[in-house]
Structure formats: structure tokens, C-alpha cells
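A.B. asks: no letters, just coordinates:
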């Protein structure tokens, strides 16, 4: 995590000890995420959720020793726990997938998977949260489409380029979205506590994704400077 970004707090719900440890280890390797707890059953999950209202995301296995993951999800919603859920499971039954989606599961990660696949899903989710936080209270169709697209693909339709973090992307997205007026890479870098070169890399990534527009700022005695603004929606 960078000094400026808020961590995404994650509850791992997985009955197999080895898998639970692996998921927690994976999370520890992804910037911007922190393990808030590990539950080995539905009862444990409900207890941890009740004790920690700040949990943002649940990685939910569908096969638990005391019931199905969908039953736990229903109990969570009934108890008022509105945190997001990513299903992490070997279950490939279409009806299970449909039921999970209908109950608010934002992503579905099938076992077995590599760390790269796991990281890609979590970074897609982080990009979605970044845009959600940056959005106004009311959104228009294109913004809804962008938000949902973040859950299916990282900006640009692919995982983040090597060396880029979801946490820094979240900060840059928030800064450029909240600026109101076009800002240079230097200005955005100063706002998020990053170098001009780093800020420019993330801004270019957002521009290539169609979320940010480039323009050229003239004036003064120096060279023209590229500036960036959140793409306006018709």
C-alpha cells in the first residue's frame, strides 16, 4: 500500500487450510489490499463480519463445512452486511453461477488458478472501486457501463501493465476525476505524492483506456505541457 491510499480490507472465507493460507498470502502480495480475517466456516464468517464492520470485500468459497456459500451470502445480506463478494470456488454449475450473480457476487474466480489470475481479478475490482469512489452521487449510462466494465476487465481490457499497482491507479483516478479542470502530470503527481514520471504513466494508461482526455497547455516561457482531464460524458 502507498502512504496515501486506503487499503481494501478483505475477509477470506475458505474451509481448506492450505487454500485459505494461499489466498491470504496472495492478498499480501497485491498492493492496496489487506487481510482483515480468515474464516473456515459460515459461522466464523458471520462472527468476523459482525465484529468488523469495515470489511470491504469477501473472498467466498461455495463449499463450506456448515452450509453452501450462497446460504452464507443470503445470511450476510439479511444481517445488513453489504460488502462486495468475489466467489472463489471450484463449483462450475451454471445454476450456482446464476444464483451467485443474482445475489450480488461481483466476480467469479474458478479454482485452480494462478497468482497472476488471482491478481488480475483483484486489480479489476480495485479499479472498479476507484472509479466508484470518484463518481458523482448520480451517474449516467456511460458511467454505469464503465463501472461494470471495470469488473470484467481492467482499464483497456487487460490486466494492469507490469509495475503498475491498483492502489496508485485508484489515487490517480480519484485525483484527475476530482480536479474538475485539466491537470498536468506534475500537478497530479503532487496531488497523490508521486513523481511526474509515475503520474504520467498512470495518466497515459487511463487515456489509452478512454477514461481520460489529453490536451496541450500553452503559455509561459516553457515548452507546451500535456494535460489530462476526465472524459466528459454526453
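C.D. replies: Done, it's in. As the structure is a computational prediction, the values presented were derived from the model and not from experiment.

A.B. asks: mind giving me the packing neighbours of whichever helix or strand residue 116 is part of?
C.D. replies: Here residue 116 sits within helix 115-134, counting by DSSP states H and E. Packing contacts for helix 115-134, counted by 3 or more C-beta pairs under 8 Å, 6 or more residues apart in numbering; DSSP states H and E, involve strand 8-13, helix 17-28, strand 84-89, strand 105-110, helix 141-152, helix 166-179. Using the backbone N, CA and C atoms, a C-beta is placed for each residue, glycine as well.

A.B. asks: please name the nearest non-neighbouring residue to the residue most central in space within the chain.
C.D. replies: Nearest residue to the geometric centre of the chain (C-alpha atoms, centre = their mean): residue 126, 1.4 Å. Leaving out its chain neighbours, the residue that sits closest to residue 126 by C-beta to C-beta, 6 or more residues apart in numbering is residue 166, at 3.4 Å.

A.B. asks: poorly predicted segments of this structure, please.
C.D. replies: Within the chain, the segments meeting pLDDT under 70 span 1-5, 91-94, 132-160, 219-222, 232-234.

A.B. asks: any idea how it splits into domains?
C.D. replies: Domain ranges of the chain: 8-113, 138-230, per automatic domain parsing.

A.B. asks: what count of nearby residues applies to the residue nearest to residue 126?
C.D. replies: Other residues near residue 166 come to 26 when the count uses other C-beta atoms under 10 Å.

A.B. asks: let me see the contact set for it.
C.D. replies: Residues counted as contacts of residue 166 (C-beta atoms under 8 Å, 6 or more residues apart in numbering) are 30, 31, 32, 122, 123, 126, 127, 130, 160.

A.B. asks: just the residues you listed now: which is nearest residue 184?
C.D. replies: Among the contacts of residue 166, residue 130 lies closest to residue 184 (C-beta to C-beta), at 20.4 Å.

A.B. asks: distance of that closest one from residue 201?
C.D. replies: Separation of residue 130 from residue 201 (C-beta to C-beta, to the nearest Å) stands at 16 Å.

A.B. asks: same question, residue 230
C.D. replies: Counting by C-beta to C-beta, the gap from residue 230 to residue 201 is 17 Å.

A.B. asks: return the set of buried residues in stretch 169-189.
C.D. replies: For stretch 169-189, the neighbour count (16 or more other C-beta atoms under 10 Å) marks 169-177, 179, 182-185, 187-189 as buried.

A.B. asks: likewise stretch 116-133?
C.D. replies: Applying 16+ other C-beta under 10 Å to stretch 116-133 flags 118-131 as buried.

A.B. asks: and what of stretch 65-83?
C.D. replies: With the criterion 16+ other C-beta under 10 Å, stretch 65-83 contains buried residues 68, 69, 70, 72, 73, 75, 76, 81, 83.

A.B. asks: also stretch 36-49?
C.D. replies: Buried positions in stretch 36-49, judged by neighbour count with 16+ other C-beta under 10 Å: 36, 37, 38, 39, 40, 41, 42, 44, 45, 46, 48, 49.

A.B. asks: among those residues, which ones are in strands?
C.D. replies: Of these, the ones assigned to strands by DSSP state E are 36, 37, 38, 39.

A.B. asks: my read is that residue 103 contacts residue 70, right?
C.D. replies: Yes: with contacts defined as C-beta atoms under 8 Å, residue 103 counts as touching residue 70 at a distance of 6.6 Å.
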